[in-house]
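**Q** just a sequence and a predicted model for now, questions to come.
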Amino acid sequence: MRPLERIDEISDLIREIWNENPDMRYMQLLYTLQSSFSQKNMDVGKVEERVDRAYPRIGFDLFNVEDEEFKIFLENYLFEQRKRNA
């Protein structure tokens with residue numbers, strides 16, 4: 001079984017990031033985090049569909065990303081965010 005403490009660790013990081021961005025809605029936050037994770041990892045999980053020539057619909061399928069990898073990303077994201085806001 002995977003370690004249970006990872007749930008609180010990841011949840012706490014997301015809460016801290018959200019507290020730094022209180023005007024962002026939860027789903028906006030999740031989308032932004034997925035997008036940033038994908039960009040920093042050679043577009044892993046990026047799913048793009050063309051609605052027409054001018055408009056792509058972009059989503060992210062991060063189903064297979066390991067929790068530890070995402071946790072490290074969140075730690076770095078929070079560090080960079082706090083550095084920018086200092």
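**A** Happy to help now that I have it. Numbering: from 1, shown residues only.

**Q** for this structure, what spans make up the helices?
**A** Taking DSSP state H as the test, the helices found in the chain are 5-20, 26-40, 67-85.

**Q** dump the ones you listed into JSON lines; add distance to residue 51 and mean pLDDT as well.
**A** C-beta: built from backbone N, CA, C; applies to glycine. Formatted as JSON lines, the helices of the chain follow (distance: least, CB to CB, whole Å; pLDDT from 0 to 100):
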{"stretch": "helix 5-20", "distance to residue 51": "30", "mean pLDDT": "98"}
{"stretch": "helix 26-40", "distance to residue 51": "17", "mean pLDDT": "98"}
{"stretch": "helix 67-85", "distance to residue 51": "29", "mean pLDDT": "97"}
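
**Q** closest one to residue 59 among those?
**A** Across the helices of the chain, residue 59 has its closest neighbour in helix 26-40 (8.2 Å, CB to CB).

**Q** neighbours of residue 82, how many?
**A** The number of residues packed near residue 82 is 12, by other CB atoms under 10 Å.

**Q** now it: closest residue in space, sequence neighbours ignored.
**A** Ranked by CB to CB, 6 or more residues apart in numbering and with sequence neighbours excluded, the top spatial neighbour of residue 82 is residue 20, at 7.0 Å.

**Q** ok, residue 63 - contacts?
**A** residue 45 (CB atoms under 8 Å, 6 or more residues apart in numbering).
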